[in-house]
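> Quick one, structure for this:
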Amino acid sequence: MTMSREQLAVQRARRSFQTGRTRPLDFRIQQLRRLQSFIKERQRNIKDALQTDLGKSERASELYEILVVEAELHLSITRLAEWAAPRPVEKNLFTLLDEVYVKPEPLGVVLIIGPWNYPWSLTLLPLVGAIAAGNAAILKPSEISSNSSKVIEEFLPLYLDQEFYADSTKTSDDYGRIINQRQFKRIMGLMEGCTIAFGGDADEAQGYIGPTVLKNVTGESKVMQEEIFGPLLPIITVNSVDEAIHFINEREKPLVLYVFSNDNKLIKKVIAETSSGALVANDCVVHFLDSALPFGGVGHSGMGRYRGRHTFDQLSNLRSCMIKQLRMEGLNSMRYPPHTAKKLSWARRFVLSRLNVQRLRNMVMFAMLASLAAFVVQVPALKRIS
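Numbers count the residues shown, from 1 in each chain. A predicted model of the protein is given here:
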């Protein structure tokens, strides 16, 4: 049964909320700032729509429709952390030794139906609150104030997060397909023995497999035995970071290891105690965009490095060259027979003592500057004596 446009919008909003994407305060503030940008950059469109719909002047539109939304956005952005924090409540004799508080949580998916008399302020003010509270929102402007509704429908989606693939991944132009039938069957086969926690929809004729999360996965599951190269995310539960590190280390080294945490010590621990071609904390893939970072695997995940100079070095014979001065032949006598204790002592001193050229240069430069400073100090003294 084909779903209506409204049903698809509700489904998309629910999926968005279920991912937890709308909950972090950083995400909420980001969306509120984007709404600020919408109000600022589309102010001309808003005023023209209000003039056409209701005959409102520019000043009246700014005062009663735009300004109040701008003020609400500023207030919400600056006070959101305070509003979202747990709120301690008064204790009684029964809770005197307990921790009691009220914790604000998002409701989920909210529907905002805008009126026609103030089609901007009375539509966007609730949207500000919905976003600030961490909800996913469905906006229904009034069809009576049609010009304002058209501006909202046309431009607002350009600023606010929509969960990447509009109505569905299957109908989205931005969601790719499996390259051929053989690979389609291989990826579908990887799900055997696992439980689908999310997604799982597929269409072999189109080479389509939707984003799929798998649970009840073990290290021995089929999906864990080879590189997936498909939209499957197997979830394995561990009891500690140490257990996770042990799980990683008892297998082939991965091409990239991703770790998500607010704890820098934990991130550094994972870096120190594991090995992989690359490690990215709190994001995915983006290290590939930096040509200064070598890209490649280690061991089973691949050999060699490329990007920028690393590609050049990888595909070059880094030929070692040395040109000795003939007048330094006297120093070579320590290498020639007879091999005496004295020669061995000198050889040991030369081989084991690493000459830090940069340090030597710095020492010479410092001595030159000290001499120059002494000269500058002495010149006025000489003049006074003369």
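
> Figure out the length between the terminal residues of stretch 347-367.
End-to-end distance for stretch 347-367, by CA to CA, to the nearest Å: 30 Å.

> Actually, stretch 216-223.
First-to-last residue span, stretch 216-223, CA to CA: 11 Å.

> Repeat that for stretch 210-225.
Terminal-residue distance, stretch 210-225 (CA to CA): 21 Å.

> neighbouring contacts of it?
169-170, 189-202, 231-236, 247, 251 (CB atoms under 8 Å, 6 or more residues apart in numbering). (C-beta placed from N, C-alpha, C; glycine too.)

> Which ones among these map onto strands?
With strands taken from DSSP state E, the overlap with those comprises 195, 196, 197, 198, 202, 232, 233, 234.

> list the contacts for the third one?
With contacts defined as CB under 8 Å, 6+ apart, the neighbours of residue 197 are 213, 214, 215, 235.

> how about a cut-off of 6 Å?
213, 215 (CB atoms under 6 Å, 6 or more residues apart in numbering).

> Over to the last one?
Contacts for residue 234 were tallied using CB under 6 Å, 6+ apart; they are 214, 217, 223.

> Contacts made by stretch 148-156 with the rest, please.
42, 45, 49, 53, 119, 141.

> Relative to residue 9, how far out is the fifth one?
Going back to what we said before, that points to residue 119. 19 Å (CB to CB, to the nearest Å).

> Between those two, which is the more surrounded one?
Set side by side, residue 119 and residue 9 show more neighbours around residue 119, with 26 against 18, by other CB atoms under 10 Å.

> Surely the more buried one is in a strand?
No: going by DSSP: H, G, I helix; E, B strand; the rest coil, the assignment for residue 119 is coil, not a strand.

> pLDDT value on it, please?
pLDDT for residue 119: 95.

> Compute the distance between it and residue 143, please.
From residue 119 to residue 143 the distance is 10 Å (CB to CB).

> same check, this time on residue 201
Counting by CB to CB - residue 201 and residue 143 are separated by 33 Å.

> Tell me which of these two has more neighbours.
Ranked by neighbour count (other CB under 10 Å), residue 201 and residue 143 place residue 201 first, with 13 against 9.

> what's the burial count for the residue lying closest to the more buried one once chain neighbours are set aside?
Among residues not flanking residue 201 along the chain, residue 210 sits closest, at 4.2 Å (CB to CB, 6 or more residues apart in numbering). Counted with other CB under 10 Å, the neighbours of residue 210 add up to 16.

> what are the phi and psi angles of residue 210?
Dihedral pair for residue 210: phi -70, psi 160, per degrees, to the nearest 10.

> Domains in the protein, by residue range?
Per automatic domain parsing, the domain ranges recorded for the chain read 7-90+100-158, 176-237, 243-321, 338-381.
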